[in-house]
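Q: any chance you can model this:
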Amino acid sequence: MPGACAGTLFDTQGPIIPDGLRRAKCKGGSPVCRTTQCPHVEAPRSTTSGSRFDRFRSVGYGDGASVPCTASHGRWLAGRGPHRLEQPGARGTIVGEETNNRWIGKNTIRPDGEDKVTGRATFGADFAQPGMLWGKVVRSPHPHARIRSIDTARAAAAPGVKAVMTGDDLVHFPLDTPVMVGPADLRFVSRNVMARDKALYAGHAVAAVAATTPEAAEAALELIEVEYEPLPWVLDVEEAMQPDAPVLHDFLRTAGDDSAPDAPTNVASRMTITLGDIDDGFAEADVVIERHFRTKPVHQGYIEPHACLVSVAADGRATIWSSSQGQFMVRNATARMTGARLSDIRAIPAEIGGGFGGKTIVYLEPLAYVLSHKAGAPVKMVMTREEVFRATGPTSGSSNTVKIGARRDGRIVAADATFRFQAGAFPGSPVRAASNCAFAPYAIDNVRVVGYDVVANRPKCNAYRAPGSPIAAFGVESVIDELARELEIDPIDFRLENAAREGTRAAYGPTYRRIGYEETLEAARAHPHYSASKKNGRQGRGVASGFWFNVGGESSAHVNVNEDGTVAVTTGHPDIGGSRASMVNIVAETLGIHYRNVSAQVGDTNTIGFSASTGGSRVTFSAGTAVSEATERVVAQLRERAAILWDIDSEAVDWKDGHAHPAGSNAGDFEPLSLAELAAQAARTGGPIAAQVSVNAQGAAPAFATHVCDVEVDTETGRVEVVRYTAVQDAGRAIHPGYVEGQMQGGVAQGIGWALNEEYIFDDSGRLENPGFLDYRIPVASDLPMIDTVVVEVPNDAHPHGVRGVGEVPIAPPMAAVANAIHDAVGLRLRDLPMSPPKVLAALDT
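A: Residues are numbered from 1 along each chain as shown. You can find the predicted model right below:
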């Protein structure tokens, strides 16, 4: 139970909160879930008055009403009749228009919650098959080395070993032609999964074995003889860009830079965004501030390691069970890398114990496929925690420069940034996303952003929650804060003066439709936190904003009415942040039935139409669109079935509150027919009642957030404690407010870790020194304050229910918010992450 996600601890009467967990903070400091904040931690519940946002509506749980608790701690009560229980997890406030919805906007019980808190849920490492083998991987000890030879003969002959493989067993993709699977280039993914001629980082896979036991497989690894020729290596992004730096790839040239020499380089690409004329803009400025920032690679920190089970039958048909953010991605990448046909692979998604972007690509599945094919038996592979850190993708380290100019009246007139992102061993950092996000919250007429994608001898980077945006926001929002203070303007007022609004043209291209950035700023300013007094002279308060553009894309949904009138909804997206509950809410709302009569499933690649991976805050938007459309089609069928039974035209039938009604007195005098009654008559009115919809959803509206952070700095030790935090975000429409709140809190927790503790530390030999949670320290409950949330609802008119993605943007503001609070507390401007005690103490001493 400790560490379970907040949203899972509910039964039909209210929350299940064991007595031992009913306390202000976890005893013993167990890790807070990286998705949502722990449910058993008390939180202040606050409201705002005296502003345009003084109509705050409470959040209801299930079918019970919510009322404010009268106790001073501000917790809320919810539930039904005598079963009312305290809701310590209900911390959020929603700002938006009241609606008459029954289920959309309500915290219904999570469909998969009971399975997860009772241990019945099946994760990647839980799958097993009779006769199953265990796969293990040989990994390079060198950060850069030519592979002269690999001798697997002794390992292949070892007791219990059934198969051995190397990179030669995977499809060879020529390096001169991109091979894209979604946003991933298989030229690089394939070589990251298994090295070919060179090992490019310490931890790079070079061979694999399958044996009858994990111990036999581990012993066989020692028998594989790899002859390495160590090569010079480079880790730092600025060093990797130097002309004399060790080159990782002889074929690599700088794309997007016509002035670059036609010679091997580590700079994979250069991109530029421009708007207006920055020279004219800076000439108009009264104050110009230019600063340099550095960030370190950090890991997503998901609790569940990568795991899969692959069974290849004698006829070549294969089944893959794995923990990933997209079963279609797993199928496609595995097929392409092994030469199999897509139709011969069935990928079945497991429950996923955290991803945050880190499970959007494959690491083990192609290896397990090859080993299973060779051995003629199922192969299971599970990474150790050390392997997760050494061999999977963290986010980029970076070196960045931000320059912003403003007039004395508070108007920003020019902004310039250069981002240098370390991509790891292969191209593909999120530098373009960072460049798009950098100045997106602001209406600035003159903008230039230059981005560089740079390879280095580190694990290939992967997506991490709003990839690139937090790094960009750290620099931009720090300079924004410094400018506001220089101009003697309140930090929120300064942002309001320059805020992007409807009709603003963003430097990266689009002209915004209706957006909610201004509303997040006003709600943050109106929140009691912003005007609260600070306890002592070592406390400071910081503000920062964040942006994510959100995405849509392909989604499929099935909605099926069962014979008893219950309904099943199936989508093709692994459920990471509670999407099943959101889909249930949409179906129940549209059909007008109780949400407990709707079940939600995640389909596999053989049972649901193509669906892009879960990521980019896309699922509630795109899958919600498909589910909404499919449910509307079911409603149309129900009206037709009632019309058949009544012998009238379907246009004369209304659907309301789960029943078919005659549409006015002229339609006839008929008793309403319930969904259950119509389902029972389905065979004589046309057969099964169901709808299937596949969409390529467009119009995903951007998300904005504004955060307020209080810290206390210990000037004797350099330790920074976050003592209060408030996150405000525009969600468009909160389909399930509890999970919106949880996403916001989870992003804040991860952002605080990124700001203060987390970093990859390499030794003098280029090897990672902290490949585990003992030395790579993510925040635990005792490190964090209660995180207040305010959900602003500015509907997205491109979605049937007004949805904007919510999972990405909460991680964007925290690093700058913490840095700005440190400055407010002790006058230090820290620009090198993490802001750990040694760095703070050193800065205090200078």
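Q: can we go C-alpha only for contacts and neighbour counts from here?
A: Will do.
Q: all helices of the stretch 351-500 of the chain, in order?
A: Taking DSSP state H, counting those that start in this stretch to define them, one finds helices in the stretch 351-500 of the chain at 365-375, 385-391, 431-437, 469-486, 491-498.
Q: mean confidence score for the second one?
A: Confidence over helix 385-391, taken as the mean pLDDT, stands at 99.
Q: now the last one
A: Predicted confidence along helix 491-498 averages 99 (mean pLDDT).
Q: buried residues in it?
A: 491, 492, 494, 495, 496, 498 (16 or more other C-alpha atoms under 10 Å).
Q: closest to residue 647 out of those residues?
A: residue 496 (60.0 Å; C-alpha to C-alpha).
Q: circling back: can you lay out the helices of the stretch 351-500 of the chain as TSV showing distance to residue 149?
A: Below are the helices of the stretch 351-500 of the chain laid out as TSV (distance: least, C-alpha to C-alpha, whole Å):
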stretch	distance to residue 149
helix 365-375	19
helix 385-391	21
helix 431-437	36
helix 469-486	40
helix 491-498	59
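Q: so for residue 737, which of the ones you listed sits nearest?
A: Comparing the helices of the stretch 351-500 of the chain by C-alpha to C-alpha, helix 469-486 comes nearest, at 23.7 Å.
Q: which SSE is residue 308 in?
A: strand 307-312 (DSSP states H and E).
Q: parallel or antiparallel, list what pairs with that strand.
A: Sheet pairing for strand 307-312, assigned by DSSP bridges, gives strand 318-322 (antiparallel), strand 379-382 (antiparallel).
Q: contact partners of the last one?
A: In this structure, residues lying in contact with strand 379-382 by C-alpha atoms under 8 Å, 6 or more residues apart in numbering are 125, 128, 132-136, 210, 305-311, 364, 368-369, 371-372.
Q: farthest pair within the buried residues of helix 491-498?
A: 491 and 498 (11.1 Å).
Q: so residue 276 touches residue 443, yeah?
A: No: using C-alpha atoms under 8 Å, residue 276 is not in contact with residue 443; the gap is 11.9 Å.
Q: tell me which of these two has more neighbours.
A: Neighbour totals were compared for residue 276 and residue 443, and residue 443 leads with 22 against 14 (other C-alpha atoms under 10 Å).
Q: for the more buried one, give me phi and psi.
A: As for residue 443, its main-chain torsions (degrees, to the nearest 10) stand at phi -90, psi 90.
Q: against residue 275, how distant is it?
A: 11 Å (C-alpha to C-alpha, to the nearest Å).
Q: and residue 530, by the same measure?
A: 34 Å.
Q: what sits against residue 579?
A: Counting by C-alpha under 8 Å, 6+ apart, residue 579 touches 619, 620.
Q: try residue 205
A: By C-alpha under 8 Å, 6+ apart, the neighbours of residue 205 are 137, 138, 139, 140, 192, 193, 194, 195, 199, 391.
Q: with residue 262 instead?
A: Applying C-alpha under 8 Å, 6+ apart, the residues contacting residue 262 are residue 253.
Q: ok, back up a step: any idea which of the buried residues of helix 491-498 is closest to residue 439?
A: The closest of the buried residues of helix 491-498 to residue 439 turns out to be residue 498 (C-alpha to C-alpha; 10.6 Å).
Q: isn't the closest one right next to residue 442, touching?
A: Yes: using C-alpha under 8 Å, residue 498 is in contact with residue 442, at 5.5 Å.
Q: what about this protein, any weak spots by pLDDT?
A: Low-confidence segments of the chain (pLDDT under 70): 1-92.
Q: domain ranges for it?
A: Per automatic domain parsing, the domain ranges recorded for the chain read 125-232+304-391, 553-697.
Q: longest strand anywhere in this structure?
A: strand 412-424 (DSSP state E).
Q: where along the stretch 551-700 of the chain do the helices fall?
A: 579-591, 619-646, 675-680, 682-685.
Q: ok, and the most crowded of the contacts of residue 205?
A: Result: residue 199 is most packed of those (other C-alpha under 10 Å), 30 neighbours.
Q: that one bridge partners, please.
A: residue 145.
Q: wait, it touches residue 206, no?
A: Yes: the pair residue 199 / residue 206 is scored as a contact, 7.4 Å apart, by C-alpha under 8 Å.
Q: what touches both of those two?
A: residue 140.
Q: just the strands from the stretch 251-400 of the chain, written as ranges.
A: Secondary structure of the stretch 251-400 of the chain (DSSP state E, counting those that start in this stretch): strands at 267-275, 287-295, 307-312, 318-322, 345-349, 379-382, 398-406.
Q: closest to residue 512 out of the helices of the stretch 351-500 of the chain?
A: Closest of the helices of the stretch 351-500 of the chain to residue 512 is helix 431-437, at 13.5 Å (criterion: C-alpha to C-alpha).
Q: ignoring the adjacent residues along the chain, who's closest to residue 164?
A: residue 209 (4.4 Å; C-alpha to C-alpha, 6 or more residues apart in numbering).
Q: distance-wise, check residue 754 relative to residue 245.
A: 28 Å.
Q: just want to know which of the two has more residues nearby.
A: Neighbour comparison, residue 754 and residue 245: the larger count goes to residue 754, with 28 against 16 (by other C-alpha under 10 Å).
Q: what helix or strand is the more buried one located in?
A: helix 737-756.
Q: please enumerate the strands of the stretch 651-800 of the chain.
A: Going by DSSP E, counting those that start in this stretch, the stretch 651-800 of the chain shows strands at 653-656, 659-662, 673-674, 690-697, 703-713, 720-730, 787-792.
Q: dump these into CSV; add distance to residue 300 and mean neighbour count as well.
A: Formatted as CSV, these follow (distance: least, C-alpha to C-alpha, whole Å; neighbours: other C-alpha atoms under 10 Å):
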stretch, distance to residue 300, mean neighbour count
strand 653-656, 45, 20
strand 659-662, 46, 24
strand 673-674, 47, 20
strand 690-697, 27, 20
strand 703-713, 21, 28
strand 720-730, 20, 25
strand 787-792, 20, 26
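Q: so for residue 598, which of these sits nearest?
A: strand 690-697 (13.5 Å).
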